[in-house]
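In: Okay, structure incoming, though there's no sequence with it:
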């Protein structure tokens with residue numbers, strides 16, 4: 001017996017999230033300097049995202065993409081969340097850096113209203129090496 005399987009988040013919102021995740025998977029493969037330039041360009045003119053908006057985008061991304069929900073999916077996940085927020089005219093603070101405490105490892109995360117979005121850690125547990133905040137230009 002077989003069961004029909006569907007992706008979470010049906011309707012147009014689910015389609016938008018899947019499209020954004022696809023774009024994020026491609027953008028996340030760019031070299032760091034190009035990634036930063038692309039995200040800086042996309043953040044122009046956006047309002048700062050609220051924590052609630054960023055969290056809703058985060059939850060939509062992780063329920064739609066198994067790759068983004070995984071341990072090693074932090075870069076495409078953070079890019080997808082930022083892009084999904086951008087579709088609503090907002091932009092969270094996007095960071096790429098390292099965990100400050102053992103185990104030291106690279107990590108990418110999103111911050112909104114000076115709070116981490118979807119992370120179990122606190123802000124002082126990460127050290128950003130690259131950040132893209134909403135810009136007014």
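Out: Received it, and whenever you're ready, just let me know what you need. Bear in mind that the values here come from a model prediction, so they are computed numbers and not experimental data.
In: okay, CA-based contacts and neighbour counts for the rest of this
Out: Noted.
In: residues in contact with the residue nearest the centre of the chain?
Out: With distances taken as Cα atoms, centre = their mean, residue 78 lies nearest the centre of the chain, 2.1 Å away. The neighbours of residue 78, taking Cα atoms under 8 Å, 6 or more residues apart in numbering as the test, are 94, 108, 109, 110.
In: tell me which of those is nearest to residue 71?
Out: Closest approach between those and residue 71, by Cα to Cα: residue 108, at 11.1 Å.
In: Buried residues, stretch 130-137. List them.
Out: For stretch 130-137, burial by neighbour count (16 or more other Cα atoms under 10 Å) applies to 131, 132, 133, 134.
In: can you check stretch 39-51 too?
Out: Buried residues in stretch 39-51, counted by 16+ other Cα under 10 Å: 39, 40, 42, 43, 44, 46, 47, 48, 49, 50, 51.
In: what separates the fourth one from residue 19, distance-wise?
Out: If you measure residue 43 against residue 19 using Cα to Cα, to the nearest Å, the figure is 18 Å.
In: Since that was my last question, I'll sign off now.
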